[in-house]
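S.K.: missing the sequence, but the structure's below:
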């Protein structure tokens, strides 16, 4: 037995044979050509093929992992059609009189190198996307043929790394787990693995040789370990654990329809985070009590120009009607930092995470802000909608928002349009500044929702996109826990309710602590609703407080 250790990115147990993933080999040679126009035509045809493949992958991913998980394939379509990339490849063909394969490979290498040398982690991460679309175009030029797994039974996929397109193209029914030698916990593939509920480990030094292929192995997504040729004791222990996990999933299904009430009568709302209307099925399937975070920026990111009022209204109305009276909290535009839309023409910034983003963009572009507010308010006539504003740092900002909301309400009144005149207004607590003035802010709003991802980033002074700082990034830091308690207490002192919509809300090891702090709501990915409900209904908060001396 040999044990390999890496970093777990999704928990679970997988037992089966290893299948070493074989990428399509692209041996590109530089060939002189006479007819450069014909080569450019071949390149154009390959681009069209690549885009068609990416569209098909997008549709497949939407069905398997939802709209937000599928967005990478829309982004790759745009990259295939990027003017700078196309001009570079065509220029090499024309000026050097070479074949399309060589021009595309050279362009891909140059662009990937350019991105990998940039200071911002977000842009460095795009180098892998460039290589992915380059390989796709090269495959199309070669007449198709892709790497993959060859097995009639479910297997543990082992690879150097996996591109998002490779992950989605796999037959999910044949995948028990995947293990990669490289990769990042924040990579697109890791995100897709979490959404697809496939146990996964990255950074694992497992050999990719033929000797590994076909061997029996156990992947422990709890420990981050891979056991190759496990001995009888290990195999028996892991089979028992796998059975226990399957029983837990079965028991969770029985929790559908149950109230989120603790043993001593404390209630909490469990809502879902979504990115678009195509995620609504997951919300209903997992029995969420509502939507605690509708990321409206994805409407903008998926558009080639500013979405109109009517386009947005149709989306918000559909969400409100589908939820049939359950609460829907729509976060206003949160563009900026790692979420960029070209048509906004935002200035390049050395530190975009602390730059022009979210509510700051809304204040500098009031016409865009008002258009969105009109759409949301109009949709509020068709369901129980609340509005939430991101990246707040002062009371003056909240007062300014309320003035703008009243202006929009008056416009709707003048137009004779219906809306919820008492619509709930809340803010996201994402900065230490907001925490420190939480009492003053709570006097101005109906609710708080804590964005723990950014709050942790700004409190610890750690860029959460920077993979090299993963070992320093501690969302359980005592300062974060103290802040979370302060936020809930401040909200309740002023008759506002408090929720958490960041990643930390789904951390089962903290659910009891959030109940003890008095949080009224947790908003998480749909698949986390039932596991959290189980913890809630099995907890006696009073006893937990005594046990912890709270």
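M.R.: Looks like it arrived, so ask away. From a predicted model like this one, the values you see are computed outputs, not experimental measurements.
S.K.: Could you list the buried residues of stretch 414-434?
M.R.: 419-420, 423-431, 434 (16 or more other Cβ atoms under 10 Å). To be clear about C-beta, it is placed using only N, CA and C from the backbone, and glycine gets the same treatment.
S.K.: ok, so of those, who is nearest residue 542?
M.R.: residue 429 (26.6 Å; Cβ to Cβ).
S.K.: related to what we said a few turns ago, so which of the buried residues of stretch 414-434 are in helices?
M.R.: residue 434 (DSSP state H).
S.K.: Can you add pLDDT and distance to residue 342 and give the buried residues of stretch 414-434 back as CSV?
M.R.: Below are the buried residues of stretch 414-434 laid out as CSV (pLDDT from 0 to 100; distance: Cβ to Cβ, whole Å):
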residue, pLDDT, distance to residue 342
419, 97, 32
420, 96, 34
423, 97, 32
424, 97, 33
425, 98, 31
426, 97, 30
427, 97, 28
428, 95, 25
429, 97, 30
430, 94, 25
431, 94, 27
434, 97, 30
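S.K.: Distance to residue 343 added to the buried residues of stretch 414-434, as TSV?
M.R.: Formatted as TSV, the buried residues of stretch 414-434 follow (distance: Cβ to Cβ, whole Å):
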residue	distance to residue 343
419	28
420	31
423	29
424	31
425	28
426	28
427	27
428	25
429	30
430	25
431	27
434	30
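S.K.: List just the nearest of the buried residues of stretch 414-434 to residue 85.
M.R.: Using Cβ to Cβ, these come closest to residue 85 at residue 430, 34.9 Å.
S.K.: so the closest one sits right up against residue 459, yeah?
M.R.: No: using Cβ atoms under 8 Å, residue 430 is not in contact with residue 459; the gap is 9.9 Å.
S.K.: I'd like the distance between residue 157 and residue 21.
M.R.: 5 Å (Cβ to Cβ, to the nearest Å).
S.K.: next one: residue 179
M.R.: Distance from residue 179 to residue 21, by Cβ to Cβ: 10 Å.
S.K.: and for these two, which residues touch both?
M.R.: Common neighbours of residue 179 and residue 21 are listed as 157-159 (criterion: Cβ atoms under 8 Å, 6 or more residues apart in numbering).
S.K.: Now residue 157: which helix or strand?
M.R.: strand 155-159 (DSSP states H and E).
S.K.: Just flag the most distant two among the buried residues of stretch 414-434.
M.R.: 419 and 431 (30.0 Å).
S.K.: For the nearest residue in space to residue 257 that is not next to it in sequence, list the residues it contacts.
M.R.: Nearest residue to residue 257, sequence neighbours excluded (Cβ to Cβ, 6 or more residues apart in numbering): residue 287, at 6.7 Å. Neighbouring residues of residue 287 by Cβ under 8 Å, 6+ apart: 255-257, 529-530, 533.
S.K.: Give me the average confidence score over stretch 262-272.
M.R.: Averaged across stretch 262-272, the pLDDT comes to 96.
S.K.: coming back round to it: I'd like to know which elements the strand holding residue 157 is packed against.
M.R.: strand 13-20, strand 175-180 (3 or more Cβ pairs under 8 Å, 6 or more residues apart in numbering; DSSP states H and E).
S.K.: Nearest approach to residue 51 belongs to which of those?
M.R.: strand 175-180 (26.1 Å).
S.K.: which residues touch that closest one?
M.R.: Counting by Cβ under 8 Å, 6+ apart, 4, 6, 12, 14-16, 149, 154-162, 167, 189, 193, 198-204, 206, 219, 221, 226 sit against strand 175-180.
S.K.: Next, the angle strand 155-159 makes with that strand.
M.R.: 20 degrees (axes from the mean of the first three to the mean of the last three Cα atoms, to 10 degrees).
S.K.: Report the angle between strand 175-180 and strand 13-20.
M.R.: 70 degrees.
S.K.: Paired strands for strand 175-180, with orientation please.
M.R.: When pairing is defined by DSSP bridges, strand 175-180 lines up against strand 155-159 (parallel), strand 200-202 (parallel).
S.K.: Can you show me the helices along the stretch 1-150 of the chain?
M.R.: 36-80, 83-96, 100-116, 121-141 (DSSP state H, counting those that start in this stretch).
S.K.: how about TSV for the ones you listed, with distance to residue 508, mean neighbour count and mean pLDDT added?
M.R.: Below are the helices of the stretch 1-150 of the chain laid out as TSV (distance: least, Cβ to Cβ, whole Å; neighbours: other Cβ atoms under 10 Å; pLDDT from 0 to 100):
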stretch	distance to residue 508	mean neighbour count	mean pLDDT
helix 36-80	22	18	83
helix 83-96	43	16	93
helix 100-116	36	20	89
helix 121-141	28	21	80
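S.K.: closest one to residue 504 among those?
M.R.: helix 36-80 (18.7 Å).
S.K.: could you give the angle of the closest one to helix 100-116?
M.R.: Using the same axes, to 10 degrees: helix 36-80 against helix 100-116 is 30 degrees.
S.K.: So which elements touch helix 36-80?
M.R.: Secondary elements touching helix 36-80 (3+ Cβ pairs under 8 Å, 6+ apart): helix 83-96, helix 100-116, helix 121-141, helix 164-169, helix 188-196, helix 297-301.
S.K.: For this structure, which helix or strand comes out least confident on mean pLDDT?
M.R.: helix 188-196 (a mean of 63; mean pLDDT, DSSP states H and E).
S.K.: Run through the stretch 201-350 of the chain and note the low-pLDDT ranges.
M.R.: Filtered on pLDDT under 70, the stretch 201-350 of the chain yields the residue ranges 336-341, 349.
S.K.: Please, where are all the strands along it?
M.R.: 216-220, 225-228, 269-274, 290-295, 327-331 (DSSP state E, counting those that start in this stretch).
S.K.: which stretch among those strands comes nearest residue 74?
M.R.: Going by Cβ to Cβ, the one of those nearest residue 74 is strand 290-295, 15.2 Å.
S.K.: strands paired with that closest one, and their directions?
M.R.: strand 269-274 (parallel), strand 327-331 (parallel).
S.K.: quick one: contacts of that strand?
M.R.: So strand 290-295 is in contact with 68, 269, 271-275, 283, 316, 319, 323, 326-331, 334, 384, 388, 449, 499, 501, 521-523, going by Cβ under 8 Å, 6+ apart.
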